[in-house]
Structures are given as C-alpha cells and as structure tokens.
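Enquirer: coordinates for the following, if possible.
(one chain, ligands or ions: 1)
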Amino acid sequence: MLRYVTTNAGKVREARDYLDDGVAQLDFDYPEIQAPDLKPIAARGARAAYRHAGEPVLVDDAGLFVDGLDGFPGPYSSYVEETLGIRRVSELARDDAAPDPARAAFRCVLAYCDGESFDASPDPIDRADRAAAAAADQNDETADLPVKLFEGVVRGRMVEARGEGGFGYDPVFEHDGTTFAEMTAAEKNAISHRGRALEKFAEWYAGR
Ligand code: IMP
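Expert: Okay, here's the model as predicted:
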C-alpha cells in the first residue's frame, strides 16, 4: 500500500480523489533540511520516510511563493505562517511598490520512493541531490535511493483574507476571483498545485 507521508489528514483526502483507496496516511514527521527549493527537501524526506516505513512512500512538500517578495516565504512557508501569520504576509505582498506585487504561486512537489530504481528519472535536480546525499552520508546505504519527483503549480494573487474553508494560506490566495478558502474541497483540488502534482503522479504510478 502506498503511504502518503503527512501529519495533515486533509492532504490524504485530496490524494484519494486521484488514487482512490490505494493510499493510506503515514503520520511521520520527517526532518526537513533547509534549502531554497522544495525539490531537495521533498527528496530527502522521501528517503527518510522510506527508511522508516519500508513501504512505498509519497512525500508532499508545498509552499507559497510571492513574486514581489522574490519568492518569499517559499520553503519557509510553514515557519512564516506560525510567526508572521498569513494576514501579515498578504499585507507585505500588497504593500510593495513593484508593479502588481501581489502575484504569487502555490507550488507542490511530490517525492516518491519505493527502494527501486526507475527506468527513466530525468530530473536533473533529483540526480544532483542524490549525489549530494550520498556524499554527505557515506555510511548510509539508503542515502543514494532513487526518488521520482512531480511538481504542480497554481498561479494567483494575494488578497485580504476571505472564506472559511481550506487551511494555511488558503484565505489570502485568490485564483480567478475566488480564494482557495471560498472553494469547496473538490473545486480547490481540481485546480490546486497539489491536485496538479497528484494528477501527474497518478498517471505515472498507474503504469508502475
Ligand atoms: P507543508 O508542505 O504541509 O509543510 O506546508 C508548508 C506551508 O505551506 C504551510 O504553512 C502550509 O499551511 C502551506 N500550504 C501548503 N499547501 C497549502 C495549501 O494547499 N493551501 C494553503 N496553504 C498551504
């Protein structure tokens, strides 16, 4: 059984829309490395989760990237949500003098690991990360485990908080005139960063 590695049960519900009953939650808080990009963070997490579970795992790492703030808070979205808070991030984005500073994107990277290698794993960042991980941890024979990455992106803009649904930055992220927190779960899932990454993953996984 595929394990979706997250402490957030809402993410597993979203994953079931794409993977039906073939996925179960693995409530495992893997250690997150610091990096400016989500991909190496998710890849490391997938290796750690596979070592822990010994079963196929899918790790989800996501963040909000504001154009006018050079991609902030990006991989630090969770920490910034807890410290500054989502309303302050939205204000900062909208206060900036740059033209259209509030443009932003949610990004989600899914990292899959089942201990096997892949016929084709063309992700250059994945390969570089694998080499770096192996070099950093020469005593760990699983540091070089292959990981397959899938990315989903949705663009939108930062607005004043609206809506009661969703989680995290959903109330301050507007897509086509509606915030993610104003959408039903199904509406959000159909266009979200996570939904797009899950769609790519589900298509690949079906042939595995
Ligand atoms: P994580 O990948 O679950 O650790 O999420 C990182 C940060 O991005 C947290 O602050 C989440 O609240 C936020 N985040 C991730 N996905 C979403 C989403 O779909 N909507 C709103 N916030 C999200």
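
Enquirer: which parts of the chain sit against the ligand?
Expert: 8, 61-64, 77-78, 81, 106, 166-170, 180, 192, 194 (C-beta under 6 Å from any ligand atom). Using the backbone N, CA and C atoms, a C-beta is placed for each residue, glycine as well.

Enquirer: where does the chain have low pLDDT?
Expert: Applying pLDDT under 70 to the chain flags the ranges 96-99, 101, 119-143.

Enquirer: just the helices in it please.
Expert: 9-19, 38-53, 77-83, 86-95, 124-136, 185-191, 193-206 (DSSP state H).

Enquirer: just those: most buried one?
Expert: helix 38-53 (a mean of 23; mean count of other C-beta atoms under 10 Å).

Enquirer: one step back: who wins for proximity to D70 among the helices of the chain?
Expert: Closest approach to D70 among the helices of the chain (C-beta to C-beta): helix 86-95, 11.1 Å.

Enquirer: now for the closest one, which elements pack on it?
Expert: The helices and strands touching helix 86-95, judged by 3 or more C-beta pairs under 8 Å, 6 or more residues apart in numbering; DSSP states H and E, are strand 57-66, strand 148-158.

Enquirer: buried deepest among these, which one?
Expert: Of all the helices and strands packed on helix 86-95, strand 57-66 carries the top mean neighbour count, a mean of 26, counting by mean count of other C-beta under 10 Å.

Enquirer: got the angle for it vs helix 86-95?
Expert: On the basis of axes from the mean of the first three to the mean of the last three C-alpha atoms, to 10 degrees, strand 57-66 is oriented at 50 degrees to helix 86-95.

Enquirer: adjacent strands (with direction) for strand 57-66?
Expert: Using DSSP bridges, the strands paired with strand 57-66 in its sheet are strand 2-5 (parallel), strand 73-74 (antiparallel), strand 103-113 (antiparallel).

Enquirer: tabulate the ones you listed (TSV), appending distance to V154 and mean neighbour count.
Expert: What follows is these, written out as TSV (distance: least, C-beta to C-beta, whole Å; neighbours: other C-beta atoms under 10 Å):
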stretch	distance to V154	mean neighbour count
strand 2-5	20	23
strand 73-74	15	20
strand 103-113	5	24
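
Enquirer: re earlier: just put the helices and strands packed on helix 86-95 in CSV and tack on distance to A185.
Expert: Formatted as CSV, these follow (distance: least, C-beta to C-beta, whole Å):
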stretch, distance to A185
strand 57-66, 16
strand 148-158, 15
